[in-house]
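A.B. asks: Sequence first, then the predicted structure:
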Amino acid sequence: MDIYQSTLDYLMQFPVFDMWPGMKSVLERVACGRPHAWRLPMILCEAVSGSREAAIPACAALACAQISIILVDDMLDEDSRGEYRSIGFGRASNFAIAFHSSALDALCFCEAGARVRFEAVESLNRMLRETAFGQELDVQNPSDEDAYWRVVKNKSAPFYGSGFFLGALLGKARKATAARLDTLGRLYGEMIQIHDDLNDCMAVPANPDWLLGRKPLPILFAQTVNHPERSKFIDLCGDAGSQESLTRAQEILIRCGAVSYSIDCLAGRYRDARAILKDTALLYENDVEALLEELIMPVRNLFEVLGDGLPGFNLFVSESQAETG
């Protein structure tokens, strides 16, 4: 079963997509990119012994929710690739509201029992509210680490927690199991945020985070922690559009420990997630484990290349060897 086509087929039964061709066009275009997040409820549903078909309403809800969130987030971030660039702020805002509503419809009208539908809608609605609050915090551009983690726990984590929870719920998992998988999904979301922060900070040419003065974790570390090159780094951030300045700033991220610290945060959440997974009875856990491994593998590869040139190498390698036997 192609979960992307099945998700489209499920959503196309709702009149709004016939009434509003622009929404249908956006949905189909996004589906062509086969977003990874759309698959999460299916993976978790199967993990608790549910069927792929049972997960389709959850995949559809998460798909619409993600589109709604991205439409808004792109406007807040002034992203040059955002939909609002071609259709304007007003229409993009209208689309975001409509996709938000469609996400709820996908669960309200699914074939699950009334109790399951209520818990599913409650989870999705809570996630959308938390994410909106997280976006509000992010707009304020957190200036210290406590503020950064508050953004991550509200903006990044709830989406994945709800995706894990919905898949487990529609797979008829016990309530306690679904709740544990919600927690696991939130850790997974935090891992994705740290992973993305590392990639964005080391990207060439400069990622918009540099150019807009935003503070992903490595940049926040290098700007706020007292290290010998802090002042130089802050000056270079103001000229990150220059390739030479960007290269020098990225080199400081490595030397000052910003990259090592971010990797340590990622590895810590990986260990916590593995502990939850180990203590959760799943019929099929390999695909869930693969989600975590996909995010930690670049770290393993980095350690293999740089060895003990990065702080924490020996600890990480010993724990990795213990996990793999």
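C.D. replies: Perfect, I can see it now.
A.B. asks: for Ile69, phi and psi?
C.D. replies: phi -60, psi -40 (degrees, to the nearest 10).
A.B. asks: Let me know whether it touches Phe159 as I believe.
C.D. replies: Yes - Ile69 lies in contact with Phe159 (Cβ atoms under 8 Å); the separation is 6.9 Å. For the C-beta atoms, the positions are set from N, CA and C on the backbone; glycine is no exception.
A.B. asks: list residues touching both of the two?
C.D. replies: Taking Cβ atoms under 8 Å, 6 or more residues apart in numbering as the contact rule, Ile69 and Phe159 both touch Thr131.
A.B. asks: out of these two, which sits in the more crowded spot?
C.D. replies: Ranked by neighbour count (other Cβ atoms under 10 Å), Ile69 and Phe159 place Phe159 first, with 25 against 22.
A.B. asks: is it true that that one touches Ala63?
C.D. replies: No - counting by Cβ under 8 Å, Phe159 sits too far from Ala63 to count as a contact (11.6 Å).
A.B. asks: Centre of the protein to the edge, which residue is at the far end?
C.D. replies: Ranked by distance from the centre of the chain (Cα atoms, centre = their mean), the top residue is Pro228, with 33.2 Å.
A.B. asks: Report pLDDT for the closest residue to that one other than its chain neighbours.
C.D. replies: Nearest residue to Pro228, sequence neighbours excluded (Cβ to Cβ, 6 or more residues apart in numbering): Cys256, at 8.0 Å. We note a pLDDT of 95 for Cys256 in this prediction.
A.B. asks: where exactly do the helices run in the stretch 151-300 of the chain?
C.D. replies: Listed in chain order, the helices found in the stretch 151-300 of the chain under DSSP state H, counting those that start in this stretch are 157-170, 175-202, 208-211, 217-224, 230-237, 243-255, 258-278, 286-306.
A.B. asks: does Ala120 really touch Ala61, like I thought?
C.D. replies: Yes - Ala120 is within contact range of Ala61, at 7.5 Å (criterion: Cβ under 8 Å).
A.B. asks: okay, the two: which has more neighbours?
C.D. replies: Between Ala120 and Ala61, counted using other Cβ under 10 Å, the more crowded position is Ala61 (31 against 25).
A.B. asks: pretty sure the more buried one is touching Leu107, no?
C.D. replies: Yes - assessed by Cβ under 8 Å, Ala61 is found in contact with Leu107 at 5.0 Å.
A.B. asks: Please enumerate the shared neighbours of these two.
C.D. replies: Ala120, Leu124, Leu166.
A.B. asks: Reformat these as TSV; add distance to Leu187 and pLDDT.
C.D. replies: Formatted as TSV, the shared contacts of Ala61 and Leu107 follow (distance: Cβ to Cβ, whole Å; pLDDT from 0 to 100):
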residue	distance to Leu187	pLDDT
Ala120	21	97
Leu124	19	97
Leu166	17	98
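A.B. asks: Report how many residues lie close to the nearest residue in space to Arg248 that is not next to it in sequence.
C.D. replies: Closest residue to Arg248 apart from its sequence neighbours, by Cβ to Cβ, 6+ apart: Leu236 at 5.5 Å. Residues lying near Leu236 (other Cβ under 10 Å) number 22.
A.B. asks: what about Leu236, distance to Trp210?
C.D. replies: 9 Å (Cβ to Cβ, to the nearest Å).
A.B. asks: what is in contact with the two at once?
C.D. replies: Leu246, Ala249.
A.B. asks: How about Asp79: what's its closest non-neighbour residue?
C.D. replies: Pro208 (6.9 Å).
A.B. asks: The strand or helix carrying Glu28 packs against which elements?
C.D. replies: For Glu28, the host element (DSSP states H and E) is helix 21-32. The contact analysis (3 or more Cβ pairs under 8 Å, 6 or more residues apart in numbering; DSSP states H and E) places helix 21-32 against helix 3-11, helix 16-19, helix 52-77, helix 89-108.
A.B. asks: quick one on the thing from earlier: backbone phi and psi for the residue nearest to Pro228, please?
C.D. replies: Torsion angles, degrees, to the nearest 10, at Cys256: phi -80, psi -10.
A.B. asks: so what's it up against?
C.D. replies: Taking Cβ under 8 Å, 6+ apart as the definition, contacts of Cys256 comprise Phe221, Ala222, Val225, His227, Pro228, Glu229, Arg230, Phe233.
A.B. asks: Burial check on Thr131, number of neighbours?
C.D. replies: Counted with other Cβ under 10 Å, Thr131 comes out at 23.
A.B. asks: Got the domain ranges for this structure?
C.D. replies: 1-173, 174-325 (automatic domain parsing).
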